[in-house]
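Student: what's the 3D shape of this:
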Amino acid sequence: MPAVDTFADRYLSGDELWGDAFTQEQIEEWFADEREASAALTGTTPSADAYRSHGINRLHGYRMLPAGRFEDALGVGSSFGGEFFPVLDRIGRITILEPSAQLRSKELRGVPLRYVDPSPTGDMPFSSETFDLAVCFGSLHHIPNVTKVVRELGRVVKPGGWIIIREPVVSMGDWRSLGRPGLTKRERGIPRHLLESAVRNAGFSIKSSVFCYMPLTQRIGDLTSRNLYGSRVGALIDRALSISTAWNYRYHAVKPWQKLRPSSVSIVARRR
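Tutor: Numbering: from 1, shown residues only. Purely as a prediction, here's the structure:
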């Protein structure tokens, strides 16, 4: 009989999330590996103006928020804060949990940025019910203890407050392999059902959960020399491609045709 790949059965299948049940020692090792990994991979940027996903964020996130102001906003792994531009005129104060010492700025178009170092434990150094809005765009998949961090979001967001989370929900390859081009050592996607479950269990009601970032969108953008993720038209193209290939979604692809599926999910949820 062929040997059973227990790792594949548990983690590459998407049934369990690799890292979510790590010991504290394992979490600290992961945290140390990832602290400056994104800065080393992409290089630092002098400002937030290089942020490229405003179209996606507006279509699948910000446009679904209610009217009015958000006096206290939290960004998880938001680096220079560029993702806040679409709602900047509606925000009073911005706090950013950011591990990198390189990806920081003093202000965002006149709005002061307060940076806080995250703890490897996942505990957030904020009082309960502090924030009206929290956003997390592409940061959770760099973290081992995802469920703990999402649970903390449920604690620090006020009842009636909102979160927007956009994360890869595919494996991003077998992370046991070294040298995945364009990726940090530890990052791996979060299975969609586990991400949604973590959000609900943290006390949120999901108002919207949609696929996005279908790989063909990037290919089209490269061929036309355009950033399709930054515009409404590009985001709508990506939405159409994501809907048409959603039937092919699986967490871990092993054949080329299995990669023709949306790679991320955008969630908008309200704290109960």
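
Student: How about residues contacting the lengthiest helix in the chain?
Tutor: Criterion DSSP state H: the longest helix present in the chain is helix 232-245. For helix 232-245, the surrounding residues in contact (C-beta atoms under 8 Å, 6 or more residues apart in numbering) are 55-56, 58-60, 210-214, 216-217, 220-221, 226-229, 260-262. To be clear about C-beta, it is placed using only N, CA and C from the backbone, and glycine gets the same treatment.

Student: switch to 6 Å and redo it
Tutor: The contact list for helix 232-245 (C-beta atoms under 6 Å, 6 or more residues apart in numbering) reads 55-56, 59, 211-212, 214, 216-217, 228, 260-262.

Student: And for stretch 219-227?
Tutor: With C-beta under 6 Å, 6+ apart, stretch 219-227 has contacts from 52, 228.

Student: Could you check that stretch and say which residues are buried?
Tutor: Buried residues in stretch 219-227, defined by neighbour count with 16 or more other C-beta atoms under 10 Å: 220-221.

Student: what pLDDT, on average, does that stretch get?
Tutor: Here stretch 219-227 scores 95 as its mean pLDDT.

Student: Can I get that stretch in CSV? Just the C-alpha atoms.
Tutor: The C-alpha trace of stretch 219-227 is given here as CSV (Å, rounded to 0.1, in the frame of the first residue of the first chain):
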residue,chain,number,x,y,z
ARG,A,219,-2.0,38.3,-16.5
ILE,A,220,-4.3,40.7,-18.4
GLY,A,221,-2.9,43.6,-16.4
ASP,A,222,0.7,42.6,-17.3
LEU,A,223,-0.2,42.3,-21.0
THR,A,224,-1.9,45.7,-21.1
SER,A,225,0.6,47.4,-18.7
ARG,A,226,-2.2,48.3,-16.3
ASN,A,227,-2.9,47.8,-12.6
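
Student: got a winner among the contacts of helix 232-245 for most neighbours?
Tutor: residue 262 (27 neighbours; other C-beta atoms under 10 Å).

Student: just the contacts of helix 232-245 now: which is nearest residue 135?
Tutor: The closest of the contacts of helix 232-245 to residue 135 turns out to be residue 56 (C-beta to C-beta; 12.5 Å).

Student: what residues are up against the closest one?
Tutor: Contacts of residue 56 (C-beta under 6 Å, 6+ apart): 212, 229, 235.

Student: which residues in the stretch 151-272 of the chain form helices?
Tutor: For the stretch 151-272 of the chain, the helices defined by DSSP state H, counting those that start in this stretch cover 192-201, 215-224, 232-245.

Student: Could you dump the contacts of helix 232-245 into a markdown table and include distance to residue 203?
Tutor: Below are the contacts of helix 232-245 laid out as a markdown table (distance: C-beta to C-beta, whole Å):
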| residue | distance to residue 203 |
| --- | --- |
| 55 | 30 |
| 56 | 26 |
| 59 | 26 |
| 211 | 24 |
| 212 | 25 |
| 214 | 31 |
| 216 | 36 |
| 217 | 33 |
| 228 | 35 |
| 260 | 36 |
| 261 | 30 |
| 262 | 27 |
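
Student: Can you tell me which of those residues comes closest to residue 76?
Tutor: Scanning the contacts of helix 232-245 for proximity to residue 76, where the rule is C-beta to C-beta, the winner is residue 56, at 17.1 Å.

Student: For residue 72, see how far away the closest one is.
Tutor: Using C-beta to C-beta, to the nearest Å, we find residue 56 at a distance of 24 Å from residue 72.

Student: Residue 185 too?
Tutor: Distance from residue 185 to residue 72, by C-beta to C-beta: 34 Å.

Student: ok, these two, which is more surrounded?
Tutor: Legend: neighbour count by other C-beta under 10 Å for residue 185 and residue 72, higher for residue 72 (20 against 13).

Student: Could you give the bridge partners of the more buried one?
Tutor: Beta bridges link residue 72 to residue 93, judged by DSSP bridges.

Student: May I ask you to confirm that it is in contact with residue 93?
Tutor: Yes - taking C-beta atoms under 6 Å as the definition, residue 72 is a contact partner of residue 93 at 5.3 Å.

Student: Identify the contacts common to these two.
Tutor: Common neighbours of residue 72 and residue 93 (C-beta under 6 Å, 6+ apart) do not exist.

Student: Could you pull up the contacting residues of residue 147?
Tutor: 20, 198.

Student: so is it in a helix, a strand, or just coil?
Tutor: Taken by DSSP: H, G, I helix; E, B strand; the rest coil, the conformation at residue 147 corresponds to helix.
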